[in-house]
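Enquirer: Output the structure for:
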Amino acid sequence: MRVLVTGATGFTGGHLARTLAARGDTVRALVRSAAPALAAAGIETVTGDLRDAASIERAALGVDVVYHIAAIYRQAGLRDQEYRAVNAAAVRTVIEAAGSAGVRRVVHCSTVGVHGDISHPPAAEDAPLKPGDIYQVTKLEGERIAREAAEDTEMEVVIVRPTGIYGPGDRRLLKLFRGVARSRFPILGSGNIYYHLTYIDDLVEGFRLCASVPAAAGRTYILAGAEVTTLNELVTIVAEEAHVKPPGMHLPVWPVWVAGALCEAVCVPFGIEPPLYRRRVDFFTKSRAFDISRARAELGYAPKVGLHEGVARTLAWYRSNGWL
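Expert: Numbers count the residues shown, from 1 in each chain. Okay, the predicted model is just below:
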């Protein structure tokens, strides 16, 4: 298959691009600047911008499938309009330009964050949509725009909502892994909320299925690992694989939440990364557990990497790179 990947210089898009290339697909990546690591993996790079239809159309010529992974995640000092321009408005640009280039299907990466806190876990694709911050709000807007653009262009579009992604190369969960490995990870609140992870290799295979299964066109899929744990259980697994005693310290939530609010109020207006965010407190208070029955039944999605194995691989990679 001939594919184009946006966001290939990031963790998820990079794994996807390299895996597809290793499988024998002809892979092209839309990048903003030179990416020698991608080129070394046999991936063709095309310089362009998500908001520029001409550069996307140029990159998509001769391509069968576009994997649209690129997004603005969470960065201090960014205005809402900047999130909206990339996570929402650019989705239409990508789909329309892909259609003009003759692309058959676009696989668009969203997030389970569009569901917000899960009141009745596990949540399936039809669970209530309750985004809680500007990242999640604009990702939900991007989903709606993707569906509208698909209808307008008669393109095949598949929407993917991954849960928390981890594995070698990830840095978002580094603080949790490193804190537990160093016995310096206090848990806010009870730790009995659910936390659902997706190992990167399983997610990449899920993306590939979304691109190749004919019946997936027009559908939305939650992709996640086979195991759901509480935060306490996850921390215990990390401790076991790191060969340390599980942390037992629990702290009250509200003083840390207030401290986070104060840090944001002081730092964000000046574009400074706050040392503590309220959303980091949300990590300890919001349940996230999901049902992957639709992906199993319609795609044949079958996550293979269990939590113990995935955590062990991730810890080993952190150690080899001197991050633990």
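Enquirer: so Val106 touches Ile95, yeah?
Expert: Yes - between Val106 and Ile95 there is a contact at 5.3 Å, judged by CB atoms under 8 Å. Using the backbone N, CA and C atoms, a C-beta is placed for each residue, glycine as well.
Enquirer: which residues are common contacts for these two?
Expert: 68, 146, 150, 155, 157 (CB atoms under 8 Å, 6 or more residues apart in numbering).
Enquirer: The second one should be in a helix, yeah?
Expert: Yes - according to DSSP: H, G, I helix; E, B strand; the rest coil, Ala146 belongs to a helix.
Enquirer: Who are the contact partners of it?
Expert: So, once contact is read as CB under 8 Å, 6+ apart, Ala146 ends up touching 91-92, 95, 106, 108, 157, 159.
Enquirer: next one: phi and psi at Ser190?
Expert: Backbone torsions for Ser190, taken as degrees, to the nearest 10, come to phi -80, psi -30.
Enquirer: measure the closest residue to it other than its chain neighbours to Gly164 for me?
Expert: Distance criterion CB to CB, 6 or more residues apart in numbering; nearest residue to Ser190, sequence neighbours excluded, is His250 at 6.9 Å. Distance, His250 to Gly164, by CB to CB, to the nearest Å: 21 Å.
Enquirer: Please say which of the two ends up with more neighbours.
Expert: Gly164 (19 against 14; other CB atoms under 10 Å).
Enquirer: For the stretch 151-300 of the chain, just list every one of the strands.
Expert: For the stretch 151-300 of the chain, the strands defined by DSSP state E, counting those that start in this stretch cover 156-162, 164-166, 187-188, 194-199, 220-223, 228-230, 250-251.
Enquirer: Quick check: neighbours of the last one in the sheet, parallel or antiparallel?
Expert: What it means is strand 250-251. Paired with strand 250-251 in the same sheet, following DSSP bridges, are strand 187-188 (parallel).
Enquirer: and the strand it pairs with, how far out from the chain's middle?
Expert: Centroid separation between strand 187-188 and its chain, computed with CA atoms, centre = their mean, to the nearest Å, is 24 Å.
Enquirer: which residue packs closest to Ser55, ignoring adjacent ones?
Expert: If the residues on either side of it in the chain are set aside, Ser55 comes closest to Gly48, at 2.8 Å by CB to CB, 6+ apart.
Enquirer: mind listing what the one you found touches?
Expert: Listed by CB under 8 Å, 6+ apart, the contact set of Gly48 reads 30-32, 55-56, 58-59.
Enquirer: The same query, at a cut-off of 10 Å, please.
Expert: 6, 30-32, 54-60, 97 (CB atoms under 10 Å, 6 or more residues apart in numbering).
Enquirer: Restricted to helices, list those.
Expert: Of those, the ones assigned to helices by DSSP state H are 54-60, 97.
Enquirer: where does the stretch 1-150 of the chain dip in pLDDT?
Expert: 74-77 (pLDDT under 70).
Enquirer: Ignore what I typed, I meant the stretch 151-300 of the chain.
Expert: Scanning the stretch 151-300 of the chain for pLDDT under 70 picks out the ranges 257, 270-271, 273, 275-279.
Enquirer: ok so, going back, surely the residue nearest to Ser190 meets Val256?
Expert: No - using CB atoms under 10 Å, His250 makes no contact with Val256, being 11.6 Å away.
Enquirer: Would you mind listing the residues touching both of these two?
Expert: Residues touching both His250 and Val256 (CB under 10 Å, 6+ apart) are 186, 188-189, 284.
Enquirer: Phi, psi for the nearest residue to Asp282 once chain neighbours are set aside please.
Expert: Nearest non-adjacent residue to Asp282, counting by CB to CB, 6+ apart: Gly132, 7.1 Å away. Per-residue torsions, Gly132: phi -110, psi -10 (degrees, to the nearest 10).
Enquirer: Kindly tell me how buried Gly132 is, as a neighbour count.
Expert: Count around Gly132 with other CB under 10 Å applied: 16.
Enquirer: just Gly218 next, same as before
Expert: So Gly218, with other CB under 10 Å, has 13 neighbours.
Enquirer: Would you confirm that it contacts Val157?
Expert: Yes - judged on CB under 10 Å, Gly218 makes contact with Val157 at a distance of 6.8 Å.
Enquirer: overlap in contacts of the two?
Expert: Taking CB under 10 Å, 6+ apart as the contact rule, Gly218 and Val157 both touch 147, 150-151.
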